[in-house]
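>>> Model the structure of this input:
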Amino acid sequence: MHFTIFNHKKLLLLIYLFLCLLIGIIIGLIKSHDKKMVSNTDIKSSQEIAINSESKEIPIPPSNLDENLEYSSTQVSAGSKHLSMLFLGYGGAGHDGGYLSDAMILAYLDVDKKKLALIHIPRDIWVNVKVGETEMPMKINAALAMGTKTSNYPTTTVSKDAVLRASTLSKQAVTTVTGLPVDFVLGVDFNGFAPAIDSLGGIDINLKSTFDDSWYPVKGRELELCGHSPEEVTAMSATMSGFTLEKQFPCRYEQLHFEAGSNHMDGQTVLKYSRSRHSSSDFARGLRQVNVILATINKLFSLKALDNIQKFYTSISKSVKTDISVDQITTITPILFTIPDVQVVEIGLDTTNVLTESKASSGAFILISKEGDNNWEGVKSFVKSKI
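Numbering: from 1, shown residues only. Just a heads-up that it's a prediction; the model follows:
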């Protein structure tokens, strides 16, 4: 767990940064970018088998899903004692399991304690999600995907309304695990991530140790056979799975390396650093994403991004999916200005504190509470003790 002290201006910037979710659109700096769609209409051979598919992790939506997805954001007041926003980052259209929320960070501000907690929620947490009267066990990152009712490989972007309705399931799941209320949600796919960082001239990230990942996937090479025949791919897929199978196709990956100390990164490099899976654990990846947020805050602060808050919000709100309104921003801003300095606490839920590894009935890797499946009292107590 790490601590950082922010004054009220940087706290404002942090809140707004969550609103733009590292898309970082600073008034007119970023042009519209057409999303590059990857068509899967020609993927019909055994090459398909070697893709590390996430689709099996998305539960089939119940028939009564739509009637149980009513969303409405919290109406905060000038006297609110806490504010919270759930960040959901996903691959979006053109990605396998495109609406699995593989980045989940809850920002929770305790006004009286002058403390802002950034809580990383591991995507593999196994939790019951309630739809109507039905409880459905799933990985916590699958709640959004199920709620959007997207196909395993979505090729079109889901509407804002669909994402916000689906996000009610994600909010519910995060509250179940942490015990904290979720006021607002912000969802965005990673397609706009790199150009946003580039618009800032890149950011500087300080690493405590050398960072290496020999298996970062190269976009566009997902179906390369790397010298294998289709028959060999079929045979390997019958006996291997997961990372063991992935390693049979080295031409699909590249080496990432960063030295300890300060590293200046452009958008694509930041994206790779944030999403790297094989350099360390999923828990460490969550903390890297928080590190990127804090580094981006420092860059935005140096650029005086808050000189026109209203215009700033109006600009970025066109590019994200969030249930917070301009009126709510107007209410929240005076609250933040009453706090001269804020302690920012980074909290990771992992196997060193409150979680333990397990397997679902399907054999999939999952994380559950150390106190037992669906017993979240220990997690709630841990979170409460840190904020």
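
>>> domain assignment for the protein?
Split into domains by automatic domain parsing, the chain comes to 2-30+51-207+263-386, 211-258.

>>> looking at those, which is buried most?
Neighbour counts (mean count of other C-beta atoms under 10 Å) averaged over each of the domains of the chain peak at domain 2-30+51-207+263-386, with a mean of 18. Heads up, the C-betas are built off the backbone N, CA and C, glycines and all.

>>> re earlier: compare the mean pLDDT across the domains of the chain and name the weakest.
Comparing those by mean pLDDT, the weakest confidence falls on domain 2-30+51-207+263-386, with a mean of 78.

>>> mind checking the SS state of Leu271?
Taking DSSP: H, G, I helix; E, B strand; the rest coil as the rule, one finds Leu271 in the helix state.

>>> what about the helices in the stretch 251-387 of the chain?
Residue ranges of the helices in the stretch 251-387 of the chain, as given by DSSP state H, counting those that start in this stretch, are 267-275, 282-302, 309-316, 326-337, 377-386.

>>> closest to Ser170 out of the ones you listed?
Closest of the helices of the stretch 251-387 of the chain to Ser170 is helix 282-302, at 15.4 Å (criterion: C-beta to C-beta).

>>> hmm, back to that, got the helices of the stretch 251-387 of the chain as JSON lines, with distance to Lys114 columns?
Converted to JSON lines, these look like this (distance: least, C-beta to C-beta, whole Å):
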{"stretch": "helix 267-275", "distance to Lys114": "28"}
{"stretch": "helix 282-302", "distance to Lys114": "17"}
{"stretch": "helix 309-316", "distance to Lys114": "21"}
{"stretch": "helix 326-337", "distance to Lys114": "11"}
{"stretch": "helix 377-386", "distance to Lys114": "15"}
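
>>> do you know which of these lies nearest Val177?
Nearest of the helices of the stretch 251-387 of the chain to Val177, taken as C-beta to C-beta: helix 377-386 at 5.8 Å.

>>> Name the residues that touch the closest one?
Contacts with helix 377-386, where a contact means C-beta atoms under 8 Å, 6 or more residues apart in numbering, come from 1, 117, 119, 177-180, 345, 347, 349, 353-355, 369-371.

>>> If we ignore the residues flanking it in sequence, what's nearest the residue nearest the centre of the chain?
The residue lying closest to the centre of the chain (C-alpha atoms, centre = their mean) is Ala103, at 1.8 Å. Take Ala103 and drop its neighbours on the chain: the residue closest to it by C-beta to C-beta, 6 or more residues apart in numbering is Gly89, 3.2 Å away.

>>> in which helix or strand would I find the one you found?
In the assignment (DSSP states H and E), Gly89 maps to strand 82-90.

>>> Name every strand pairing with that strand and say which way it goes.
Neighbouring strands of strand 82-90 in its sheet, by DSSP bridges, are strand 103-110 (antiparallel), strand 184-189 (parallel).

>>> Would you format those as CSV with distance to Thr239 included?
Shown next, in CSV, are those (distance: least, C-beta to C-beta, whole Å):
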stretch, distance to Thr239
strand 103-110, 32
strand 184-189, 34
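
>>> And those: which comes nearest Glu133?
Short answer: strand 184-189, nearest of the strands paired with strand 82-90 by C-beta to C-beta, at 23.7 Å.

>>> Give the next helix or strand downstream of that closest one.
Counting by DSSP H and E, what follows strand 184-189 is helix 193-199.

>>> circling back to that earlier point, so the residue nearest to the centre of the chain touches Gly91, yeah?
No - Ala103 is beyond contact range of Gly91, at 9.9 Å (criterion: C-beta atoms under 8 Å).

>>> before we move on, the earlier item: dump the residue contacts of the residue nearest to the centre of the chain.
With contact taken as C-beta under 8 Å, 6+ apart, Ala103 is in contact with Phe87, Leu88, Gly89, Tyr90, Arg123, Ser274, Gly286, Gln289.

>>> Name the helix or strand for Ala117, please.
Under the criterion of DSSP H and E, Ala117 resides in strand 115-120.

>>> Run through who's touching that strand.
Strand 115-120 has contacts (C-beta under 8 Å, 6+ apart) with 6, 11, 14, 104-110, 178, 180, 283, 286-287, 289-290, 293, 342-349, 383, 386-387.

>>> how close does Glu346 sit to Leu106?
Taking C-beta to C-beta, to the nearest Å as the measure, Glu346 falls 12 Å from Leu106.

>>> thinking Val177 is in contact with Pro122, fair?
No - Val177 is beyond contact range of Pro122, at 9.6 Å (criterion: C-beta under 8 Å).

>>> list residues touching both of those two?
Counting by C-beta under 8 Å, 6+ apart, the shared contacts of Val177 and Pro122 are Ile140, Leu349.

>>> Among the contacts of helix 377-386, name the ones in strands.
Among the contacts of helix 377-386, DSSP state E puts Ala117, Ile119, Val345, Ile347, Leu355, Ser369 in strands.

>>> how near is the residue lying closest to the third one once chain neighbours are set aside to Leu225?
By that I understand Val345. Ranked by C-beta to C-beta, 6+ apart and with sequence neighbours excluded, the top spatial neighbour of Val345 is Ala117, at 4.8 Å. Distance from Ala117 to Leu225, counting by C-beta to C-beta: 46 Å.
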